[in-house]
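1. sequence first, predicted model second:
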Number of protein chains: 2
Amino acid sequence: MDPEEFRRLGHRFVDWVADYRAGLDALPVGATVEPGWVRGQLAADLPERPRPLEELLAEVDRVVVPASAHWQHPGFFGYFPANASLTSLLGDLLSGGLGAQGMLWSTSPACTEVEQVLLDGLAAALGLGKEFTFDGGGGGSIQDSASSAVLVALLAALHRTSDGAWRETGTDGLERVYLTAETHSSLAKAARVAGLGAGAVRVVEPCAGSLAMSPDALAAAMAADVAAGLRPVLVCPTIGTTGTGAVDPVREIAQVAREHGAWVHVDAAWAGVAALCPEFRHLLDGVELVDSFCTDAHKWLLTAFDASMLWVRDGVALPAALSITPEYLRNAASESGEVVDYRDWQVPLGRRFRALKLWTVLHGLGLQGLRAHLRGHVALASELASWVRADPRFTLAVPPSLALVCLRVVGRDGTPDDSADDRATRAVLERVNAAGSALLTHTVVDGRYVIRVAIGSVATRRRHVEALWTALCEAADAVR
Amino acid sequence: MDPEEFRRLGHRFVDWVADYRAGLDALPVGATVEPGWVRGQLAADLPERPRPLEELLAEVDRVVVPASAHWQHPGFFGYFPANASLTSLLGDLLSGGLGAQGMLWSTSPACTEVEQVLLDGLAAALGLGKEFTFDGGGGGSIQDSASSAVLVALLAALHRTSDGAWRETGTDGLERVYLTAETHSSLAKAARVAGLGAGAVRVVEPCAGSLAMSPDALAAAMAADVAAGLRPVLVCPTIGTTGTGAVDPVREIAQVAREHGAWVHVDAAWAGVAALCPEFRHLLDGVELVDSFCTDAHKWLLTAFDASMLWVRDGVALPAALSITPEYLRNAASESGEVVDYRDWQVPLGRRFRALKLWTVLHGLGLQGLRAHLRGHVALASELASWVRADPRFTLAVPPSLALVCLRVVGRDGTPDDSADDRATRAVLERVNAAGSALLTHTVVDGRYVIRVAIGSVATRRRHVEALWTALCEAADAVR
């Protein structure tokens, strides 16, 4: 395809995206197809001859759209939002156009340094502190996901707590990592990937009456492990857990971890970006004491997946843990020590110019626009929570956390019947999802089935939350 | 940004990409900026207020373009190509537009099943055999990179060779993996990430007079390890090494590995796609015996990064190694066992709808178009190699491999003086790169400095290879 053909078709494909987004409100949010339906619709054999790309758009309309859960739909309240703002797509288009590989500074200086500038700027805007910037001896990088971020943090921790022996001799079976039952599964997965096994994972008890990690329980667990000859490697407090948005006490946890030399990685994948707003920055209390901090631009910060941001305080440990240099990657810039080679901050060698989509968002909205985006959703969640509180058919499972509201259905007579209420809650969720104007997902809190309402889709406005509330109430009336 | 604003700006950004690609021939291929130049050009503080996105394009022209190595430039012959065809960008635009998360089948059935259909179709088109398709009990997936592919293959191997104990107890220090000095560094990195350490990596000697792994040496190494109570876990033959395009004898290696129950992962990141052409399929001889096979659509198959394709013969071992299911990801489709949840095929939880860019390429070019793309570059490489052979100023370091030509400069008097010739070869590379119309990278073969010419950029035509040859000859005349 030559550039002129791309110009013509590119306009056509842009129009498809514009039309798709403009028409989302009229589509059911979730997919209703059965397993195998898509495979049955498509030819098994790949085409031998070129076919017009307009036909592909017709195939996408015919097969892909009806078989998609529409994550950008204003009625999408499931999981956490995955903001793929149209603004960010413009930057991603530039990234594809440049087609750069940013594995080394020398393979695209701009790819590396734009990312450094943006991550330094965001560290300041989030209040992370100078130590997390390149100028301060640390630095930030864009990872594909918070899962990968916690994995590389764990690898840096294994390197540091073994004084480098880990690179040569691997894990020794004495390492321990600490989390809670609410910590994202990516840490348990990272521990498995890193060769620690499930046996190395300590589940720390929460503070009484909450879902937040107990610093006292952590201290006891670490002390017992050290006494048993084991080695605390990493603890992962969460700011905004996936289930309910719970916040672990980072400051106290970091103080405990420091006594044992363990790495502290903060997983704030969803909630961390809220610290752009001064009124939410208290969530990050104690973050100046930790070793690494992750928050996703691709969840709630309007940047299309993948763009998970990881900052480290020690700009040496992470690349030291991951660096391997074969001959064909040697170059003068790397050997000068004056540049960052981001391949050493991640597992994959190759990397896209992901900073461009983040840059486009920051440029096109400004910090003011981002704050308005975040505040709008928090206000809607607060309003929804007030409706729940005032309604005898529902109860809040936990206090709302930023833009996440967790609720349960309450039986008609008001007397608690846990299993009946759980069945009703589940039935309400299924009814709302089946109706198609909203998509909800669930979790379990203290053994109880809970509906999560994660407000944060790019297109969600007050009327969509009102419609959801109406749907919830109608479903509750039908099933109670 | 509303859809209408996106329509307007999207056209503008498409035009920027079209203009950039159309103008590449006139730009120097490599970047000449000093470390820190980009950072110095950009404001350290993020903008508070929204700014017009047209201004961002001006910033990209002012700062990014001059600080980029232009990987899509027709004179880019470095590393391996990173085809970001304009066709593939169209599919990527749809992916961003949909903004789907494909972690589970249920979070976007289309995202999962389109990928299954395409990977099954490509398995057939590459001649991989039915066992590597979903219908045959195996299956394929798109990974971000061949680095991640070899990592997850290693994790599946650790799971299988430990009968599942690895998930619980981690690595045990007895695992061994096998590679050659020419194997991509990603396997050594994967071994480190997986907690095996450098000590677990066995470097197998090559066959006499070649760079290919010796099956006899492998057999001896594995037998010695087993006798010492160690456990062969994985061997990684390469089809088309990064340095010189060498091909390991997969069939014999697989036969050796099978005796010890080791997993065989074929890294054919660059060269594997050539098997779409029947005349190159002999490169894959023996692949029906291996456990996993990786080739990158984002290197030489016209699909923008990231799109590394990994097939496994055993569709159970890999997800069994990687699966962890917290409550908030539980769903009826997963529990039915009728669907593939691709999160269990990779380290990250989240995933983009990357199949769309691959689909666009397959649809827009057809297999015929892809074969023509590959054959054209091989023919150019063959022609370049013939010029090298016929010219006393140069010699081929190794026979050309598909579209990769490795050459050295020969001293004026023809008598071998290794160190002088190496200096001259290096000087030629530096001169050609400094001139700006081509970009070359190097490797070292048997201790000798070697220029690699990797033909395969989307826009490379015969005239660009001719210009490169002229530049090489002029540089050789200047430095000899």
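-> That came through, no problem.
2. alpha carbons only for contacts and neighbour counts from here, please
-> Fine.
3. list phi and psi for the residue nearest to A:Val226 when sequence neighbours are not counted.
-> Excluding its sequence neighbours, the residue lying closest to A:Val226 (Cα to Cα, 6 or more residues apart in numbering or on different chains) is A:Pro232, at 7.3 Å. Main-chain dihedrals, A:Pro232, degrees, to the nearest 10: phi -70, psi 120.
4. just checking, A:Pro232 touches A:Gly173?
-> No - at 11.4 Å, A:Pro232 does not count as touching A:Gly173 under the criterion of Cα atoms under 8 Å.
5. which one of those two is surrounded by more residues?
-> Of the pair A:Pro232 and A:Gly173, A:Pro232 is the one with more neighbours under other Cα atoms under 10 Å in any protein chain shown, namely 26 against 18.
6. how close does the more buried one get to A:Arg160?
-> Separation of A:Pro232 from A:Arg160 (Cα to Cα, to the nearest Å): 11 Å.
7. hmm, whichever helix or strand A:Gly96 is part of touching chain B?
-> Assigned by DSSP states H and E, A:Gly96 belongs to helix A:86-98. Yes - under the criterion of Cα under 8 Å from any Cα of the partner chain, helix A:86-98 makes contact with chain B via A:86-87, A:89-90, A:93-94, A:96-98.
8. so which residues of chain A form strands?
-> A:139-143, A:175-179, A:201-203, A:231-235, A:263-267, A:292-296, A:308-312, A:394-396, A:404-409, A:441-445, A:448-454 (DSSP state E).
9. in the fourth one, what's buried?
-> Of the residues in strand A:231-235, those with enough neighbours to count as buried (16 or more other Cα atoms under 10 Å in any protein chain shown) are A:231-235.
10. quick one: contacts of the helix or strand of chain A with the lowest mean pLDDT?
-> Least confident helix or strand of chain A, by mean pLDDT, DSSP states H and E, is helix A:332-336 with a mean of 88. Helix A:332-336 is touched from outside by A:104-106, A:339-341, B:35, with contacts defined as Cα atoms under 8 Å, 6 or more residues apart in numbering or on different chains.
11. coming back round to it: so which of the residues of helix A:86-98 next to chain B wins on neighbours?
-> Going by other Cα under 10 Å, A:Leu89 tops these with 31 neighbours.
12. could you find the closest non-adjacent residue to that residue?
-> According to Cα to Cα, 6+ apart, the nearest residue to A:Leu89 is B:Gly96 (6.1 Å).
13. distance check, the one you found against B:Ala355.
-> If you go by Cα to Cα, the gap between B:Gly96 and B:Ala355 works out to 12 Å.
14. and the helices in the stretch 201-350 of chain A?
-> Under the criterion DSSP state H, counting those that start in this stretch, the stretch 201-350 of chain A contains helices at A:215-227, A:250-259, A:297-300, A:317-322, A:332-336.
15. how many residues are close by the nearest residue to A:Thr32 once chain neighbours are set aside?
-> Of all residues not flanking A:Thr32 in the chain, A:Ala67 sits nearest, at 6.9 Å (Cα to Cα, 6+ apart). Neighbour count of A:Ala67, defined by other Cα under 10 Å: 26.
16. now swap in A:Gly447 and tell me
-> A:Gly447: 10 neighbours (other Cα under 10 Å).
17. measure it to B:Asp61 for me?
-> In terms of Cα to Cα, A:Gly447 sits 56 Å off from B:Asp61.
18. equivalent analysis for A:Trp311, please.
-> A:Trp311 is 28 Å from B:Asp61, by Cα to Cα.
19. so between those two, which is more surrounded?
-> Using other Cα under 10 Å as the criterion, A:Trp311 and B:Asp61 rank with A:Trp311 on top: 28 against 14.
20. beta partners of the more buried one?
-> Counting by DSSP bridges, A:Trp311 is bridged to A:Gly140, A:Phe293.
21. rewinding a little: nearest to chain B among the buried residues of strand A:231-235?
-> A:Val233 (13.6 Å; Cα to the nearest Cα).
22. the closest one touches A:Arg176, doesn't it?
-> Yes - in this structure A:Val233 lies within contact range of A:Arg176 using Cα under 8 Å: 5.7 Å.
23. any low-confidence regions in chain A?
-> A:414 (pLDDT under 70).
24. list the buried residues of the longest helix along it.
-> The residue-count maximum for a helix in chain A (DSSP state H) belongs to helix A:355-389. Neighbour counts over helix A:355-389 (16+ other Cα under 10 Å) mark A:355-367, A:369-371, A:373-378, A:380-382, A:384-385, A:388 as buried.
25. helices and strands around it, which ones?
-> Helices and strands touching helix A:355-389, as assessed by 3 or more Cα pairs under 8 Å, 6 or more residues apart in numbering or on different chains; DSSP states H and E, comprise helix A:86-98, helix A:109-126, strand A:394-396, strand A:404-409, helix A:462-479, helix B:53-59.
26. so for A:Leu349, which of those sits nearest?
-> helix A:109-126 (13.6 Å; Cα to Cα).
27. I'd like to know which elements that closest one is packed against.
-> strand A:139-143, helix A:355-389, helix B:37-41.
28. same thing but at 10 Å, please
-> strand A:139-143, strand A:308-312, helix A:355-389, helix B:37-41 (3 or more Cα pairs under 10 Å, 6 or more residues apart in numbering or on different chains; DSSP states H and E).
29. just want the angle from the first one to helix A:109-126.
-> Angle of strand A:139-143 versus helix A:109-126, following axes from the mean of the first three to the mean of the last three Cα atoms, to 10 degrees, is 110 degrees.
30. what does the second one give?
-> Between the axes of strand A:308-312 and helix A:109-126, defined by the same axes, to 10 degrees, the angle is 80 degrees.
31. could I have strand A:308-312 exported to PDB, CA atoms only?
-> Extracted in PDB, the C-alpha atoms of strand A:308-312 (Å, rounded to 0.1, in the frame of the first residue of the first chain):
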ATOM      1  CA  SER A 308       1.000   1.000  32.400                       C
ATOM      2  CA  MET A 309       3.400   3.400  34.100                       C
ATOM      3  CA  LEU A 310       6.100   2.100  36.500                       C
ATOM      4  CA  TRP A 311       8.300   4.300  38.500                       C
ATOM      5  CA  VAL A 312      11.300   3.100  40.400                       C
END
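32. surely A:Arg92 meets A:Leu356?
-> Check again: residue A:92 is Asp, not Arg. Yes - look at A:Asp92 against A:Leu356 with Cα atoms under 10 Å: they come within range, at 6.3 Å.
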